[in-house]
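Colleague: how would this look folded up:
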Amino acid sequence: MSSFQPHANFYYLFIPLDVSRLDTDNKKKKEKKYTMQYNTAGFTNDIPAPYTGQTPQSVASLRLYRRLAHGKKALFAPSDTAAADYFIVNPIPQKQRRQWKPIFYRGDNPKYTPTSTVMGRAFRIGAWKSFHVQLGEGVREVQENERRKAAASKLRIKNKFRKTFGAQQKAPTEDLDQREVVGKVVEIPVRRAGFTRKVEFELGGVQYQWKGTRMYSASFMRGVKGWSQSLKLVRKHDNALIAGVDKRRWATFESSIRSEGPPNQSKRWTGTLYFYDPSAADAEYGVIPAIRVVDEDATTSHHVNEPSELTDAITITCWIVVEAEHRLRMLVLDYLQQAGKEGGGA
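Modeller: Prediction:
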């Protein structure tokens with residue numbers, strides 16, 4: 001006769017369980033497991049800190065206007081009604097890099113303002129990643145020497161054909177000899193740092209860098225890391241704030257500002273260039289030499305009264321960076337349009 005021998009844990013099946021205790025134990029295990037994963041991954045170190053900085057007080061400002069579409073003409077002026085301090089002319093703005101040759105004038109529209117003088121020019125190298133800027137009073141004479149050289153070469157070729165067919169050779173109508181450049185010409189290489197918005201240039205042995213900023217954003221957008229519409233210029237060795245560009249996001253959809261007549265009958269306000277001085281408030285801000293405020297009254301626009309080499313470089317590179325970002329967004333469309341024209345399309 002076989003006898004039934006129950007298992008040692010058989011009687012525990014009939015003992016009521018404390019469900020609340022089991023739930024508490026499970027919660028502790030989950031919390032412990034979550035804490036271990038949290039500390040191991042170092043998740044607390046990866047949380048982006050919100051931007052809490054305040055917009056500093058500028059000592060001078062210039063508004064950036066688009067005079068003609070596609071970057072053909074632009075200008076910097078203190079206000080909508082004031083005359084321009086800087087004017088940019090770019091006859092062929094969006095074709096091949098060898099045709100992109102903007103000229104920068106100190107003064108208003110040179111077509112209607114004879115007193116405007118050439119103070120710089122730029123060349124583009126590659127797909128909007130590298131630029132070469134020439135700055136100074138001697139840029140005008142360099143341009144004239146290049147024009148004389150091209151005119152002399154063209155006249156020489158024409159006279160060669162005239163001699164071949166027995167025609168009388170023509171003498172030049174002006175002096176086409178190369179002249180000595182009296183003014184100063186400063187070479188400034190401007191390049192983009194990798195596949196980022198950072199654009200760097202060097203002047204006087206000091207390196208400067210344009211990069212994105214949330215400084216001019218609305219209060220609820222300052223904490224959104226990775227989003228920035230505007231730009232700021234800093235010194236690289238101490239990260240001091242030199243200048244900033246508050247780009248107007250919806251400027252394309254706004255109507256143009258119109259005046260009664262020349263030099264600028266219509267223009268569109270696309271942003272504002274601010275200059276900063278550390279001596280006024282905080283020591284971490286950058287130094288801008290030869291810039292002062294014409295009128296400290298709040299109702300009067302701040303004006304760059306004494307242009308300097310650094311001021312001109314900031315203004316030129318500001319327009320280059322803004323224009324390059326705009327053209328980079330349209331780069332694929334430009335290539336498609338060019339391919340359609342070369343392929344016989346409309």
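Colleague: contact partners of stretch 315-324?
Modeller: Stretch 315-324 is contacted from outside by 62, 64, 71, 74, 76, 86, 88, 93, 102, 104, 120, 122, 128, 131, 133, 135, 188, 190, 192, 199, 201, 208, 210, 231, 233, 243, 245, 247, 270-271, 273, using CB atoms under 8 Å, 6 or more residues apart in numbering. Any C-beta I mention is one placed from the backbone N, CA and C, and that applies to glycine too.
Colleague: ok, which stretches of the protein are strands?
Modeller: 60-68, 73-77, 86-89, 103-106, 117-125, 130-135, 186-192, 199-203, 206-213, 230-235, 241-247, 257-258, 266-275 (DSSP state E).
Colleague: any chance of those in a markdown table, plus mean neighbour count and mean pLDDT?
Modeller: Compiled in a markdown table, those are given as follows (neighbours: other CB atoms under 10 Å; pLDDT from 0 to 100):
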| stretch | mean neighbour count | mean pLDDT |
| --- | --- | --- |
| strand 60-68 | 22 | 90 |
| strand 73-77 | 23 | 93 |
| strand 86-89 | 26 | 94 |
| strand 103-106 | 21 | 95 |
| strand 117-125 | 20 | 91 |
| strand 130-135 | 20 | 93 |
| strand 186-192 | 17 | 92 |
| strand 199-203 | 18 | 93 |
| strand 206-213 | 18 | 90 |
| strand 230-235 | 22 | 90 |
| strand 241-247 | 23 | 90 |
| strand 257-258 | 12 | 84 |
| strand 266-275 | 20 | 91 |
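Colleague: Just tell me which of the ones you listed ends up closest to residue 173.
Modeller: strand 117-125 (23.1 Å; CB to CB).
Colleague: Regarding this structure, what is its longest helix?
Modeller: Counting by DSSP state H, the longest helix found in the chain is helix 139-164.
Colleague: So for that one, mean pLDDT?
Modeller: Mean pLDDT, helix 139-164: 92.
Colleague: How about that helix, which residues are buried there?
Modeller: Going by neighbour count (16 or more other CB atoms under 10 Å), the buried part of helix 139-164 is 139-142, 145, 148, 155, 159.
Colleague: Relative to residue 313, which of those is nearest.
Modeller: residue 139 (13.0 Å).
Colleague: Let me see the contact set for the closest one.
Modeller: 118-121, 183, 185.
Colleague: and what of residue 80?
Modeller: Contacts of residue 80 (CB under 8 Å, 6+ apart): 63, 257, 269.
Colleague: want to throw those into a markdown table with distance to residue 173?
Modeller: A markdown table is the format used below for the contacts of residue 80 (distance: CB to CB, whole Å):
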| residue | distance to residue 173 |
| --- | --- |
| 63 | 43 |
| 257 | 42 |
| 269 | 44 |
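Colleague: Relative to residue 309, which of the residues you listed is nearest.
Modeller: residue 63 (22.0 Å).
Colleague: what residues are up against the nearest residue to residue 145 once chain neighbours are set aside?
Modeller: Nearest residue to residue 145, sequence neighbours excluded (CB to CB, 6 or more residues apart in numbering): residue 178, at 5.2 Å. If a contact means CB under 8 Å, 6+ apart, then residue 178 has 145, 148-149 as its contacts.
Colleague: The same query, at a cut-off of 10 Å, please.
Modeller: Counting by CB atoms under 10 Å, 6 or more residues apart in numbering, residue 178 makes contact with 141, 144-146, 148-149, 152.
Colleague: And these, which is closest to residue 111?
Modeller: For the contacts of residue 178, the nearest to residue 111 is residue 144 (18.6 Å; CB to CB).
Colleague: Tell me who's in contact with the closest one.
Modeller: 118, 178-179, 181.
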